[in-house]
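> Sequence and computational prediction follow.
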Amino acid sequence: MQSQDVAPRPTPAASSDGSVVDVEQAEAALVEHYPRLVRLAYLVLPPSLGRNRRVLTAHALTQRALPRGRTSTSPIPAQSTGRDGDPGYAFVRLRVLRTALEAGLPLTFKAWPKRSQLPPLLPQVWGLRLFPRSGGADELALDQQLSALSAPARAAYVLRGLERLPDGDVHKVLTAVGVADVEAALTEADEVPAQNALLDSPEFDPCSLQARPTDLMRRRQHTKAALVAAAALAVCGALLGLPGDGWGPDGAAAPSYAQNPSAEAALDPGKLTKVAPAAWQSSSRTDFSVWPARGDLTDDSALLRRALAVWARPGESVRMSATPSTPTGGPAGPPQLLYAGTVDDARVVILYDGLRIVRYAEPKDGTSGAALDFGRADGATRAEANAVVLARSDGNVRYLTAPWVTKAAERDLMQPRSGAMGLTLTGGVTSPMAGPQQQTGACTSWNVLQLTDASGTRLVTDLGELVPAHLTTGKPGYTKEASGAQALRTWSPMACSLQAVRSQGVRSVNAWEYARQSLPDASGAAAWVCTRAETWRGGGARVLAQFHTPGGVYGAVAAKAENVPACGTRDPHVLAGVLWRSDAGDWYLLAAGSRDTASINVTGGVSGSAQGYLLAVKTKQGAQAGLKGTLKDGTAINGLR
């Protein structure tokens, strides 16, 4: 078993004059907890540095945190649940935090710059740009919220969430690193909701990196040509810094030196494919390829050029996210324009190249903070090409709907008897609706989008990606839309389980009530439901078998598996079990298979068997058992796990 990277805790009995830490002790703490310390520095450093420089600076600051010799440490507490007795970690963390805060201070002519304010001499990487792996929409939103905080407030937020320090200990740490107004920093940090789990995301891990080349053509040029190019780039940089509309036509895109005719054609806004508004009515296809170009900025060539350039060459300041296994390279040819317009306080462009939906967004007043998102959409059918997430803001979501959608509404999936609240459609854009939030406590609601067209009514849900997931119900191979009354009742206790597949590239999720079982001791009847989340990439499907007792709000997860055919069209069978306690206090092993299960046998610490697809065996709390079944055609199946 691998040990988790958990911050240690110094000895609580440390005296006020501090214990002594030598360089060997500090080095041991730094090496053991290097990934955590670098992540701490990365999160506190100002996002304005750009992701590549933040990565290198975070590593440089951490590596320079060693003392020159023996030194004293104040009794600053580390994480309250870590390993006891390591003042070395508390000292090194203090040094990392202090230099990360110094790195965010502006340079002035009144004092010499500190070493942490200058670009790091080491480490250096030539010919590559390094940045952490892109997370989902939640990580992007958190990064944007943290970028709006002051450096001390960011440090307070990270110490609370990453180090799990109580406010009293955060106050001591910030005071020790020289923060002048600690109370103001704590108050400002309160403005960002606590999302501790997201701080452990790969989005904020500067030790797990992606690499992209810098300008390959430039590196192949002769020295003289390179100097000329560098001089031209310096002039362009000066022009980009001019006020007003001085930023260049490519906005947040990285500079390009390639002269490839095909690549240049793909970046020409005049060659974008724009489908006629009524083309879908006569087309045999019903997917994104027949969506017309909509929005109030479809003729804004400068905006479209910037969007295409950033897609092809995203600059270091561009925030990127992508559905798993989605290529993030530039378009092979001129893509199709689906939308270009103003949404709330941003300009948004939606493009489609037959494989991917790409969203470019920039603020109204420039390109600083531009974002680029990629989503898989290959092979989308009418049911999956119904909507695209246009924007998320303050917990609300706006969608761009397909041209064949006639009505849109918001529905709480956990309240099957409540009605749907209508949304206005303006040019295919919905009014804002509450999105399913990142659940940090009890899950009390799950809002989905209900869409109606000539062929019926469908439900889709936002799982943190561009294309919402299509919800269905029924036996695999015979599924139907989840908008009917019975389907809504099936989905209601399972709605919160959708949280487990956020940002996983999910294409559709089916809920199938494969069995109902009368409970022992006349406790009513329980439902066994299997949910299967299919992904755009084909593999990686996630299967949950859930057990729902009468009167319960949520379904309990009885078994789960990934990359298995169970509960799908290739293998429409499932077998799962759960330990259950009756109202009388007795424990039972309950199991259920799909209705074509002929028998069930229990192995391991519980003995028992049953003919048919249901089993109930009296047992004791904590019993361990395995399940094996036989289908009516003689095929053997195992319990889902």
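All right, it came through fine.

> longest strand of this protein?
strand 506-518 (DSSP state E).

> tell me the mean pLDDT over that one?
Mean pLDDT, strand 506-518: 95.

> Okay, now the sheet partners of that strand, with direction.
For strand 506-518, the paired strands and their directions (DSSP bridges) are strand 469-473 (parallel), strand 525-535 (antiparallel).

> Could I have the CA atoms of it written out in CSV?
C-alpha atoms of strand 506-518 as CSV (Å, rounded to 0.1, in the frame of the first residue of the first chain):
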residue,chain,number,x,y,z
VAL,A,506,-19.8,11.1,-20.1
ARG,A,507,-22.0,10.8,-23.2
SER,A,508,-25.2,9.2,-21.7
VAL,A,509,-26.3,7.7,-18.5
ASN,A,510,-29.0,5.0,-18.3
ALA,A,511,-30.9,3.9,-15.1
TRP,A,512,-32.4,0.4,-15.2
GLU,A,513,-34.5,-1.0,-12.4
TYR,A,514,-33.6,-4.6,-12.9
ALA,A,515,-35.3,-6.1,-9.9
ARG,A,516,-37.6,-5.5,-6.9
GLN,A,517,-37.3,-7.5,-3.7
SER,A,518,-39.6,-8.0,-0.8
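
> winner for burial among the strands paired with strand 506-518?
Highest mean neighbour count among the strands paired with strand 506-518 (mean count of other CB atoms under 10 Å): strand 469-473, with a mean of 25. All C-beta atoms are positioned from the backbone trio N, CA, C, and that covers glycine.

> I'd like the next helix or strand past that one.
Next along the chain after strand 469-473, taking DSSP states H and E as the criterion, comes strand 480-481.

> and that following strand, what does it pack onto?
Packed against strand 480-481 by the contact rule (3 or more CB pairs under 8 Å, 6 or more residues apart in numbering; DSSP states H and E) you find strand 456-461, strand 469-473.

> Name the surrounding residues that touch the last one.
Contacts with strand 469-473, where a contact means CB atoms under 8 Å, 6 or more residues apart in numbering, come from 383-384, 386, 413, 448, 458-461, 463, 479-482, 484, 486-487, 490-491, 498, 501, 506-513, 533.

> Show the buried residues in those.
The neighbour-count test (16 or more other CB atoms under 10 Å) marks 383-384, 386, 413, 448, 458-461, 463, 479, 481-482, 487, 490-491, 498, 501, 506-513, 533 as buried among the contacts of strand 469-473.

> which residue ranges form the helices in the stretch 51-200 of the chain?
51-63, 87-103, 137-147, 151-161, 167-176, 182-189, 196-199 (DSSP state H, counting those that start in this stretch).

> Can you add distance to residue 377, mean pLDDT and mean neighbour count and give those back as JSON lines?
Shown next, in JSON lines, are those (distance: least, CB to CB, whole Å; pLDDT from 0 to 100; neighbours: other CB atoms under 10 Å):
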{"stretch": "helix 51-63", "distance to residue 377": "26", "mean pLDDT": "87", "mean neighbour count": "23"}
{"stretch": "helix 87-103", "distance to residue 377": "40", "mean pLDDT": "88", "mean neighbour count": "24"}
{"stretch": "helix 137-147", "distance to residue 377": "16", "mean pLDDT": "78", "mean neighbour count": "19"}
{"stretch": "helix 151-161", "distance to residue 377": "34", "mean pLDDT": "92", "mean neighbour count": "24"}
{"stretch": "helix 167-176", "distance to residue 377": "44", "mean pLDDT": "91", "mean neighbour count": "17"}
{"stretch": "helix 182-189", "distance to residue 377": "38", "mean pLDDT": "92", "mean neighbour count": "18"}
{"stretch": "helix 196-199", "distance to residue 377": "26", "mean pLDDT": "84", "mean neighbour count": "16"}
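
> Same list, these, but as JSON lines with distance to residue 300 please.
Below are the helices of the stretch 51-200 of the chain laid out as JSON lines (distance: least, CB to CB, whole Å):
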{"stretch": "helix 51-63", "distance to residue 300": "28"}
{"stretch": "helix 87-103", "distance to residue 300": "38"}
{"stretch": "helix 137-147", "distance to residue 300": "24"}
{"stretch": "helix 151-161", "distance to residue 300": "35"}
{"stretch": "helix 167-176", "distance to residue 300": "45"}
{"stretch": "helix 182-189", "distance to residue 300": "36"}
{"stretch": "helix 196-199", "distance to residue 300": "34"}
